[in-house]
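Asker: structure, please.
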Amino acid sequence: MLSILADASSSLFFPPEQSTFAADVDGLFDFIYYLSAFFFIAIIAVMILFVLRYHRRKGHVEQPSASHNEVLEITWSVIPSILVGFIFFYGFTKYLDMREPPDNAYEIQVIAKQWSWQFIYPNGADSDELHIPVNQPVRFILQSSDVLHSFYIPAFRIKMDCVPQRYTNTWVIAKDITGEGKDNSEHKPYDLFCAEYCGKDHSRMLAKVYVHEQSDFDAWLEDAANYLEGKTPEEGGKLAFEKKGCTQCHSVTGDNSAKYAGPPLNGQWGTERSVIARGASSPENVVMDENYIRESVREPNAKVVVGRKPIMPVFTPQQLKDNEITAIIAYLKSLK
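Answerer: Modelled structure (predicted):
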């Protein structure tokens, strides 16, 4: 609390304002809050005054009540109407500003799935952390590959639902960078949450937001598009496995507990596993090989491991390229 109060760009309830919208959102929120607090205190004070002045006491004689007071009635009708009208007008005009991105906005595809985020950039790069340039309008095109999620960045004061089978969008202009250079270790990123309960691991659906100078962002973007270059297939596969959120549901240390929705994957290559094929009523055995992994990625519900729920999301070629699947296969082969 003290650190928030000490920061001149923060408000009492929110982290420091880091977008061009944030001051307007906080200003309206604070106005409504302090207005409510003023009337709450005023009403309580009048109630206490009336109790003290008009309570039943010895010798008190009841006085006739006034039927109405036109000045008072006009006052308590007009003043609240003006206040509510101002709140509506100010809030609605700012809402319209937040819904209409400039034509030159940079577009990033955002895919939400249980329980991770994927950000896809115009050059084909993708990441599980959000990177954007500073002082540049950025439009987020949101979608969900499974259930309802909500894209929420408190520092930017933006929040928008990610709805299955449809697209939604929001946009922002970040005011300040989170650090220098393209290396994450040099930044102090903002938090990104899912603000809609989406299952048992909803609380783990987190990501970080990095804001770069334009030149640093361009350098990061080029590296992100070619992140498999210079790495062995196993190294690249491990990196892809982590970037795509596979670690959210699959252990690579043999942990078969309910903490993981999917089966562990270490030491499984070339072994048989019992699965139920789509539309089948009885299980069958399949070998964990290249084709099984590819089918599990592209059509995860074609064969579901016995005892597991069919909740693995589909990874389209846009979300997971063929060379990334090949690298992941190499990584899975190496797990003991």
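
Asker: and the host helix or strand of Val84, how far out from the chain middle?
Answerer: With elements taken from DSSP states H and E, the one containing Val84 is helix 70-99. Taking Cα atoms, centre = their mean, to the nearest Å, one finds the center of helix 70-99 at 32 Å from the center of the full chain.

Asker: ditto for stretch 306-326
Answerer: Its chain's C-alpha centre and that of stretch 306-326 lie 21 Å apart, by Cα atoms, centre = their mean.

Asker: that one - what's its average pLDDT?
Answerer: Mean pLDDT, computed over stretch 306-326, is 86.

Asker: for the helix holding Val84, buried residues please.
Answerer: Gly91, Met98 (16 or more other Cβ atoms under 10 Å). (Glycine included, C-beta is placed from N, CA and C.)

Asker: for that helix, packing partners?
Answerer: helix 22-54 (3 or more Cβ pairs under 8 Å, 6 or more residues apart in numbering; DSSP states H and E).

Asker: what's around Glu17, how many residues?
Answerer: Counted with other Cβ atoms under 10 Å, the neighbours of Glu17 add up to 23.

Asker: and the helices in the protein?
Answerer: Assigned by DSSP state H, the helices in the chain fall at 2-6, 22-54, 70-99, 214-225, 233-243, 290-298, 322-334.

Asker: want to throw those helices into JSON lines with distance to Ser257?
Answerer: Formatted as JSON lines, the helices of the chain follow (distance: least, Cβ to Cβ, whole Å):
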{"stretch": "helix 2-6", "distance to Ser257": "37"}
{"stretch": "helix 22-54", "distance to Ser257": "41"}
{"stretch": "helix 70-99", "distance to Ser257": "43"}
{"stretch": "helix 214-225", "distance to Ser257": "33"}
{"stretch": "helix 233-243", "distance to Ser257": "19"}
{"stretch": "helix 290-298", "distance to Ser257": "21"}
{"stretch": "helix 322-334", "distance to Ser257": "20"}
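
Asker: Leu265 is nearest to which of those helices?
Answerer: Among those, helix 322-334 comes nearest to Leu265, with 5.7 Å by Cβ to Cβ.

Asker: now that closest one and helix 290-298, what's the angle there?
Answerer: Interaxial angle of helix 322-334 relative to helix 290-298 (axes from the mean of the first three to the mean of the last three Cα atoms, to 10 degrees): 120 degrees.

Asker: dump helix 322-334 to PDB, keeping only the CA atoms.
Answerer: Extracted in PDB, the C-alpha atoms of helix 322-334 (Å, rounded to 0.1, in the frame of the first residue of the first chain):
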ATOM      1  CA  ASP A 322       5.200 -28.400 -38.500                       C
ATOM      2  CA  ASN A 323       8.900 -27.700 -37.700                       C
ATOM      3  CA  GLU A 324       8.000 -27.000 -34.100                       C
ATOM      4  CA  ILE A 325       6.100 -30.400 -33.900                       C
ATOM      5  CA  THR A 326       9.200 -32.100 -35.300                       C
ATOM      6  CA  ALA A 327      11.400 -30.400 -32.700                       C
ATOM      7  CA  ILE A 328       9.000 -31.400 -29.900                       C
ATOM      8  CA  ILE A 329       9.100 -35.000 -31.100                       C
ATOM      9  CA  ALA A 330      12.800 -34.900 -30.800                       C
ATOM     10  CA  TYR A 331      12.600 -33.500 -27.300                       C
ATOM     11  CA  LEU A 332      10.100 -36.200 -26.200                       C
ATOM     12  CA  LYS A 333      12.300 -38.900 -27.600                       C
ATOM     13  CA  SER A 334      15.100 -37.600 -25.400                       C
END
